[in-house]
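Asker: Quick one: sequence and predicted model below, then my questions.
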Amino acid sequence: MQTVAIQHIYKGHLFPLVNCTETSKHSKRERIFTGTKFTKQRCAQKSLRSLAVTRLMNQLTLAVILIFFYEERNFQGRHYECGSDFSDFSSYFNRCNSIRVEGGNWILYEHPSYRGHQYYLWQGEYPDFQRWMGFNDSIRSCRFVPNYHGQYKMRIYERGDFQGQMMEFFDDCPNTYDRFRFHDIHSCNVFDGHWMFYEEPNYRGRQYYLRSGEYRRFNDWGASSPRIGSFRRVYNRF
C-alpha cells in the first residue's frame with residue numbers, strides 16, 4: 001500500500017488537506033468479480049475514497065473564503081486580505097474604495113467593533129463604494145456569515161415586544177408593504193437562517209444584519225427607526 005498526501009496550493013500558500021490510502025491495481029489481495037457483489041475490502045476502499053473526497057471538497061471551500069479591501073477605486077492602491085471576522089481595520093488602511101470578494105458572504109461595518117452602517121456583500125467585484133450602496137469610503141470591521149443550508153424562517157411584528165399584526169416569512173420580500181401592509185417593523189423573531197433588512201424597497205437604503213434570535217425593539221438590530229422596506233435571506237449567491 002502507498003500513502004498519498006493530497007495538498008492544495010491557493011494564493012501561494014500550501015494547505016495540507018487529507019491523507020488517503022491508495023491500493024495498487026495489481027495487489028494480490030484484490031480479487032476481481034464479474035458479478036454485482038463487492039468484497040468487504042473493496043467496499044471499505046470505496047467508503048474511504050468517498051470520505052476523502054468529501055473532506056477535500058469541504059477544505060477547498062474553506063480555502064477560498066477571502067475578501068480583499070483596496071484603498072483606491074478599481075482595485076488600486078494598498079490592499080488587505082481577510083479570511084475571517086475582524087473587529088478593527090484602522091491600523092491597516094485609511095479608506096476603502098473598492099472590494100473584491102473571492103468567496104463567502106460578508107457583512108461590512110462603517111466603524112470598528114461591528115458598528116455603524118452595515119453592508120452585505122457576496123462573491124464578485126465592487127470597483128467603488130457605491131456598488132455596495134456605501135454612504136462613504138469608511139470600512140473598519142467585517143464579519144463572515146457562515147454557510148447555512150437549512151430552512152429560513154422569520155416572524156415580523158407591527159409593534160414592539162412581538163405585539164400587534166404578525167406575519168411569517170420563509171423567503172425574500174422585495175416590498176414589505178405589499179405583503180405586510182405596514183411600512184414599519186417594530187420587532188421580529190428570527191428562527192432559522194441569516195437575514196438582511198433594508199430601509200427601502202427592492203433592497204436599497206440602510207442595511208441591517210439579523211441572526212437567529214429575538215429582536216424586541218428595532219434598535220436591537222441597530223436601526224434608528226422601524227422603517228423596513230424590504231428584506232432577504234443571506235445565502236451563497238454564486
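Answerer: Noted; the coordinates are in hand. Residues are numbered from 1 along each chain as shown.
Asker: Find the nearest non-adjacent residue to the most centrally placed residue in the chain, please.
Answerer: Residue closest to the mean C-alpha point of the chain, counted by CA atoms, centre = their mean, is Asn105 at 2.8 Å. With sequence-adjacent residues excluded and distances taken as CB to CB, 6 or more residues apart in numbering, Asn105 is closest to Val145, at 4.1 Å. Just so you know, the C-beta spots here come from the backbone N, C-alpha and C atoms, and that holds for glycine as well.
Asker: Pull up the gap between the closest residue to Asn97 other than its chain neighbours and Trp122, please.
Answerer: The shortest distance from Asn97 to any residue other than its chain neighbours is 4.6 Å, reached at Arg73 (CB to CB, 6+ apart). Here the distance between Arg73 and Trp122 works out to 20 Å (CB to CB, to the nearest Å).
Asker: Check Gly150 too.
Answerer: From Gly150 over to Trp122 (counting by CB to CB), the distance is 18 Å.
Asker: Please say which of those two ends up with more neighbours.
Answerer: For Gly150 versus Trp122, the count of surrounding residues by other CB atoms under 10 Å is larger for Trp122: 15 against 7.
Asker: Let me see the ranges of the helices in the chain.
Answerer: For the chain, helices defined by DSSP state H occupy the ranges 40-63, 176-180.
Asker: between the ones you listed, which gets the lowest average pLDDT?
Answerer: Confidence, taken as mean pLDDT, is least for helix 40-63 of these (a mean of 57).
Asker: tell me the mean pLDDT for stretch 230-238?
Answerer: Averaging pLDDT along stretch 230-238 gives 88.
Asker: Tell me the buried residues in it?
Answerer: The neighbour-count criterion (16 or more other CB atoms under 10 Å) identifies 230-234 as the buried residues of stretch 230-238.
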